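Colleague: One predicted model, sequence on top.
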Amino acid sequence: MIEATGLRKSFRVGRGRGATTVDAVRGVDFAVRRGEIVGFLGPNGAGKSTTLRMLATLIRPSGGAATIAGVDLLRAPAQVRRRIGFVAQASGTYDDSTARRDLVLQARMHGLSKSVAQELAAGAIRAFQLDDFADRKIKTYSGGQRRRLDVALGVIHSPQVMFLDEPTAGLDPPSRVRMWQEVRRLREAGMTIFLTTHYLDEADSLCDRVSIIDAGRIVAEGTPSALKREISGDVVAVDFAAEVAGETGGDLPAATKLLAEAPYVHAAEPVDGTLRLYVDSAATAIPQIMRALYDRGIEPGAIEARRPSLDDVFLAKTGRSLAE
Ligand SMILES: Nc1ncnc2c1ncn2[C@@H]1O[C@H](COP(=O)(O)OP(=O)(O)OP(=O)(O)O)[C@@H](O)[C@H]1O
């Protein structure tokens with residue numbers, strides 16, 4: 001449904017001799033099949049929005065090619081536009097209008113008659129559970145209510161492909177879960193969904209497939225479970241947060257050095273006051289880790305064993321944590 005090859009975007013910033021080029025997207029390839037929910041996961045500035053905005057015909061790629069619903073992005077952007085919906089990152093500027101009014105306007109902008117537009121708006125209000133506040137001014141809505149309206153506006157013309165830029169950024173946990181339900185419902189209604197997120201749990205539980213993007217390049221791609229399987233074994237997280245708060249000195253670097261050399265540890269990565277240890281089996285490694293630390297006079301905080309997460313995948317590919 002979406003196929004991109006070598007898609008690139010460079011922005012020119014500044015003027016005259018001081019002008020420089022920002023390579024926001026450095027040649028990305030990916031394919032999204034009909035009826036899938038696919039996510040671009042990456043830190044701030046990775047190039048997620050720029051990719052999405054190119055696919056939604058809002059900015060012209062500097063290179064590469066893409067087809068969306070069988071239509072060539074560069075040759076026929078107007079035809080692409082008819083087949084897609086786009087929800088931008090929350091702008092935070094909402095006027096004195098109401099949800100119903102904006103939904104009707106949006107449907108009319110797609111060339112529908114007033115009566116059809118009113119019918120569609122009423123349908124969207126029901127589907128997205130906006131009934132209780134649809135005739136109230138948008139500026140009185142909660143963040144989650146506004147975001148549901150944003151998505152309702154994006155799908156009013158029943159597009160085949162839906163682009164969502166950070167659909168749950170800034171929402172509280174219940175609103176995020178609700179938005180995930182809405183997105184799954186759109187897929188059940190036959191839409192293909194491409195979204196961006198910097199939330200690991202969102203990529204993990206909502207997306208059928210994930211592309212991890214960093215500094216304009218895709219560094220890993222696959223189903224969340226396949227990506228996590230790439231990191232074999234278990235993760236043991238040893239907490240040194242008290243040290244970060246200044247209670248003890250130097251234990252985290254010392255523990256990292258000590259355990260990185262231990263034969264039962266594949267890799268030792270300090271992340272934000274915690275030492276992540278990649279091991280075959282947490283059950284056998286934890287007693288060995290404890291012994292090694294105590295022998296060296298290092299007293300760690302809590303020790304936790306867990307399965308690898310998408311953040312472990314990101315760390316393995318980039319040397320940095322998304323959580324930082
Ligand atoms: N219009 C522009 N002019 C210059 N640079 C830009 C422009 N748009 C984006 N960039 C730069 O391109 C890079 C990628 O930005 P982009 O918004 O795609 O990242 P992102 O992954 O969506 O990040 P975020 O999660 O913060 O939205 C960043 O370095 C950004 O500053």
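Modeller: Received, thanks. Model, not experiment: these values are computed from the prediction. Numbers count the residues shown, from 1 in each chain.
Colleague: residues in contact with the residue in the stretch 151-300 of the chain that the ligand sits nearest to?
Modeller: Proximity of the stretch 151-300 of the chain to the ligand (C-beta to the nearest ligand atom) peaks at H198, 5.2 Å away. For glycine as for every other residue, the C-beta is placed from the backbone atoms N, C-alpha and C. Residues counted as contacts of H198 (C-beta atoms under 8 Å, 6 or more residues apart in numbering) are 41-44, 48, 166, 169, 322.
Colleague: if you set the cut-off to 7 Å instead, what comes out?
Modeller: By C-beta atoms under 7 Å, 6 or more residues apart in numbering, the contact list for H198 reads 41-44, 322.
Colleague: Quick check, pLDDT for it.
Modeller: Note for H198: predicted pLDDT of 87.
Colleague: immediately after the one helix or strand T67 maps to, which helix or strand?
Modeller: When elements are assigned from DSSP states H and E, T67 belongs to strand 63-68. Next helix or strand after strand 63-68 toward the C-terminus (DSSP H and E): strand 71-72.
Colleague: For that following strand, give the mean pLDDT please.
Modeller: Here the average pLDDT along strand 71-72 is 95.
Colleague: Could you do stretch 129-138 as well?
Modeller: 92.
Colleague: what comes up buried for the one helix or strand E182 maps to?
Modeller: Counting by DSSP H and E, the element that carries E182 is helix 173-188. Within helix 173-188, the residues that qualify as buried by neighbour count (16 or more other C-beta atoms under 10 Å) are 175-176, 178-180, 182-183, 186-187.
Colleague: now those residues in TSV, with distance to A267 and pLDDT?
Modeller: Converted to TSV, those look like this (distance: C-beta to C-beta, whole Å; pLDDT from 0 to 100):
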residue	distance to A267	pLDDT
S175	36	84
R176	31	88
R178	38	85
M179	35	87
W180	32	92
E182	39	88
V183	34	92
L186	39	90
R187	36	93
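Colleague: so which of those residues also contact the ligand?
Modeller: Contacts with the ligand are made by none of the buried residues of helix 173-188, judged by C-beta under 6 Å from any ligand atom.
Colleague: Between which two of these is the distance greatest?
Modeller: For those, the maximum inter-member distance is 19.2 Å, found between S175 and R187 (C-beta to C-beta).
Colleague: chain center to the helix or strand hosting E119: distance?
Modeller: Per DSSP H and E: E119 is located in helix 114-127. Remark: helix 114-127 is offset 30 Å from the chain centroid, using C-alpha atoms, centre = their mean, to the nearest Å.
Colleague: Next: stretch 182-190.
Modeller: Using C-alpha atoms, centre = their mean, the offset of stretch 182-190 from its chain centre is 18 Å.
Colleague: ditto for stretch 29-36
Modeller: With C-alpha atoms, centre = their mean as the basis, stretch 29-36 stands 16 Å off its chain's centre.
Colleague: Take the contacts of H198 and keep only those in strands.
Modeller: L41 (DSSP state E).
Colleague: Could you dump the contacts of H198 into JSON lines with pLDDT and neighbour count added?
Modeller: Below are these laid out as JSON lines (pLDDT from 0 to 100; neighbours: other C-beta atoms under 10 Å):
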{"residue": "L41", "pLDDT": "91", "neighbour count": "29"}
{"residue": "G42", "pLDDT": "89", "neighbour count": "27"}
{"residue": "P43", "pLDDT": "87", "neighbour count": "18"}
{"residue": "N44", "pLDDT": "87", "neighbour count": "8"}
{"residue": "L322", "pLDDT": "84", "neighbour count": "24"}
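Colleague: separation between the nearest residue to D239 once chain neighbours are set aside and T274?
Modeller: In space, and not counting its chain neighbours, D239 is closest to G301: 3.7 Å by C-beta to C-beta, 6 or more residues apart in numbering. Using C-beta to C-beta, to the nearest Å, one gets 9 Å for the distance from G301 to T274.
Colleague: Mutual contacts of those two, please.
Modeller: The contact sets of G301 and T274 overlap at 239-241 (C-beta under 7 Å, 6+ apart).
Colleague: how does this protein divide into domains?
Modeller: 2-94+141-228, 232-307 (automatic domain parsing).
Colleague: what are the ranges of the strands in the stretch 101-250 of the chain?
Modeller: 161-165, 192-197, 209-214, 217-222, 234-239 (DSSP state E, counting those that start in this stretch).
Colleague: right, and I37 touches S205 too?
Modeller: No: if you go by C-beta atoms under 7 Å, I37 and S205 don't touch, sitting 10.4 Å apart.
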